[in-house]
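Asks: Just the structure for this:
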Amino acid sequence: MKQIIKVAALIVFLSFCFFGSSSLADSKGIIKYRQNVMKSTAGHMGAIVDILKNDLPLQAHILDHARSIQQNSKMTLAMFPKGTGLGNTKAKPAIWENWSKFESAVQDFERESAKLVKVAESGDMEALAKQVRATGKTCGGCHRNFRKRD
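Replies: Numbers count the residues shown, from 1 in each chain. This is a model prediction of the structure:
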């Protein structure tokens, strides 16, 4: 009987180790993935700002950057599944504690990034500068509420 209890305890322990580390590995993977996507978004926004601010002869690139930002915005909610708030992340627990508020903030980002694409398609650089600021505000709004500061 003691042998059966020991074997059962070992099975439970090994199962916990396997599934616990698998879950942790999944969490680490999704955290790294979303960090890369967020860095990508920041890079595309920065590139647009650089083109506008420095009057670079790369205005033809703006639409591609805007489209990339919009694509990233569409993926944002899926990058924050439950259970991925622990580990090497700046994501605040408020994301999962107040999912509807987070979802609303992401929808704002999606809406404004879609407008960014439309304005970029128009070629109106003055309107583009305004829309870059509007889109950037949605990033800041989300970061203020849902991202830990350095």
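Asks: contacting residues around K137?
Replies: Neighbouring residues of K137 by Cβ atoms under 8 Å, 6 or more residues apart in numbering: E112. C-beta coordinates here come from the backbone N, C-alpha and C atoms, glycine included.
Asks: can you pull the pLDDT of it?
Replies: On pLDDT, K137 comes in at 97.
Asks: Would you mind identifying the next helix or strand past the helix or strand of the chain with the lowest mean pLDDT?
Replies: Least confident helix or strand of the chain, by mean pLDDT, DSSP states H and E, is helix 2-53 with a mean of 74. Remark: after helix 2-53, the chain's next helix or strand is helix 62-75, criterion DSSP states H and E.
Asks: quick one: contacts of the helix or strand just after that next one?
Replies: Next helix or strand after helix 62-75 toward the C-terminus (DSSP H and E): helix 94-97. Around helix 94-97, the neighbours that count as contacts under Cβ under 8 Å, 6+ apart are 80, 82, 85, 101-102, 145-146.
Asks: Spatially, which two of the residues you listed are the most separated?
Replies: Farthest-apart pair in the contacts of helix 94-97 is K82 and N145; separation 18.1 Å (Cβ to Cβ).
Asks: between those two, who's got more neighbours?
Replies: N145 (14 against 8; other Cβ atoms under 10 Å).
Asks: Excluding covalently adjacent residues, which one is nearest to that one?
Replies: Computed as Cβ to Cβ, 6 or more residues apart in numbering, the closest residue to N145 that is not its neighbour in sequence is A94, at 6.3 Å.
Asks: cool, V106 as well?
Replies: Leaving out its chain neighbours, the residue that sits closest to V106 by Cβ to Cβ, 6+ apart is T76, at 4.8 Å.
Asks: Tell me which residues of stretch 76-87 come out buried.
Replies: Going by neighbour count (16 or more other Cβ atoms under 10 Å), the buried part of stretch 76-87 is 76, 79-80, 84-85.
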